Structure formats: C-alpha cells, structure tokens
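Enquirer: Predicted model follows, preceded by the sequence.
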Amino acid sequence: MTIRVVVAEDHPIFRDGLRSLLAGIPEVQLVGEAADGDAALELAVRLRPDVVLMDLDMPGRNGIEATRAIRDRQPQVGIVMLTMFEDDDSIFSAMRAGAQGYLLKETTGSELTAALQAVAGGQAIFGPGVARRVMSFFANAAMANPGDQAFPDLTAREREVLELIAQGRNNGDIALRLGLSEKTVRNHVSNILNKLQVVDRAQAIVRAREAGMGGSARMGGSARGSAR
C-alpha cells in the first residue's frame, strides 16, 4: 500500500531534508508541502492524504491548531507531530488535538517510516523519549494534583495558576509566586475561565475547590484583583 503524505514544515532546509528522506522510502508518496498551518489544512482537505507530518511551531495557525482543524474536517487523515519540543504541555496538547503520533526531529529514518506505516494503519505511535514521558505521566496519575484529572484541558502552568486562585490569591500575588508578569497571569486566568466554561473568578474558585484544589487556601481568603 502506498502511503500518501503531506509535509507541514516552515523551515525550508528541514523541509528539503524531509523531502529527500521520504523519496527514499518506496512505500511513501509525498503529495504536498506546506509552510504554515493554514496551508497544511488546505492541502489536507483538498488532497486527503493518509498522513500529515506536522511541525508544531509554525507561523499563523500553529501545528496544534492545524491538527485540530484537520481532524474536525478530515478525521480519516492521520497526524504525526514532528517537532523539537518534548515538554508535557506540547505532547498532551497534540494528543488532545487528535495527533496519533509524536516524534522528535532527531528521529531516524527507520523510526519515521515505522511511524508513517503505523498511523496510516490506524495506530498511535510515539518516539522512545516521548513514549517514556507518556507512560510516566499515566503511571503517576494517581498521585497527581487533583486538578490534573478534573481539568485535563489545562496546561501545567494553568493548573498552577488555578491552584493559587483556589487559595484566594490575587493576580499580583500569583505573579510574584510564579515569577510572571501580571499581564501573563491575566492571560492565564482568562484561558482558565474559558476552558472551565465559567464567567468569573469566583465560579472558577468553586469549581477548583470542588475538585480538591486550593488545599492551602486561607480561611476568609478572597478573590481579590480583576476577574480576568
């Protein structure tokens, strides 16, 4: 079976390298190339490849957003993230968006071939280092912060912010504790409210404490500061 592949990669030198690598795999046909997430979505919808090799950090629509859009419109298209990022936020954001594979750019040609074959066949596959992180994450799930399981869409940083919100701390206090600017904290709070589907900080505190967060909350603590 020929595996039809689209490559989405904004770096021209790396894209050239992928083109040469894929040309040496008999069962793979490169059918399209994109330099950003919008072009990747357009090619995936128009060409309906078996697999898209997707970079994570691209201009405009990034790899996570492009993956989510492709899976919404062409769910039969497999997505393999091929990136330099191996942090938990990137890995699990990609998985939640619908990626079936996650490889680092240092992967070998044989590993890439195996990944394309697996994802084209409906399986999920991760590079060795990524697989260890995924296994460790689920092995430690029982000991994780309660908010990890209650709010899986939150990033690790957003959970830290929510934990402090649940303790009744204001944006200035959170910024000092986490070494962030108040503007960054406000952005995190806004994202948290959207993901929890609540209208203000007070509702977020209720949701968080119901999930067991805010264990160090101060008695009589308030949600001082702006709602966002």
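Expert: Perfect, I can see it now.
Enquirer: give me the low-pLDDT residue ranges for this protein?
Expert: Along the chain, segments meeting pLDDT under 70 span 131, 133-149, 215-228.
Enquirer: where do the strands sit along it?
Expert: Counting by DSSP state E, the segments of the chain that form strands are 3-8, 28-34, 51-54, 78-83, 101-104, 125-126.
Enquirer: would CSV of those with mean neighbour count and distance to residue 156 be doable?
Expert: Heads up, the C-betas are built off the backbone N, CA and C, glycines and all. Below are the strands of the chain laid out as CSV (neighbours: other C-beta atoms under 10 Å; distance: least, C-beta to C-beta, whole Å):
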stretch, mean neighbour count, distance to residue 156
strand 3-8, 24, 26
strand 28-34, 19, 30
strand 51-54, 28, 22
strand 78-83, 26, 18
strand 101-104, 24, 17
strand 125-126, 21, 19
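Enquirer: Okay, helices next: where are they in the chain?
Expert: 12-23, 37-47, 63-73, 88-97, 109-120, 128-139, 146-150, 156-166, 171-178, 182-196, 201-210 (DSSP state H).
Enquirer: how is the chain carved up into domains?
Expert: 3-137, 146-210 (automatic domain parsing).
Enquirer: For residue 58, see how far away the spatially most central residue of the chain is.
Expert: What sits nearest the mean C-alpha location of the chain, by C-alpha atoms, centre = their mean, is residue 93, with 1.8 Å. According to C-beta to C-beta, to the nearest Å, residue 93 stands 14 Å off from residue 58.
Enquirer: Kindly report the same for residue 94.
Expert: 13 Å.
Enquirer: repeat for residue 158
Expert: 23 Å.
Enquirer: Now that the residue nearest to the centre of the chain has come up, it's in contact with residue 64, right?
Expert: Yes: between residue 93 and residue 64 a contact is recorded at 5.2 Å, counting by C-beta atoms under 8 Å.
Enquirer: Just list whatever residues bridge to the residue nearest to residue 101 when sequence neighbours are not counted.
Expert: In space, and not counting its chain neighbours, residue 101 is closest to residue 80: 3.6 Å by C-beta to C-beta, 6 or more residues apart in numbering. On the basis of DSSP bridges, residue 80 is bridged to residue 53, residue 101.
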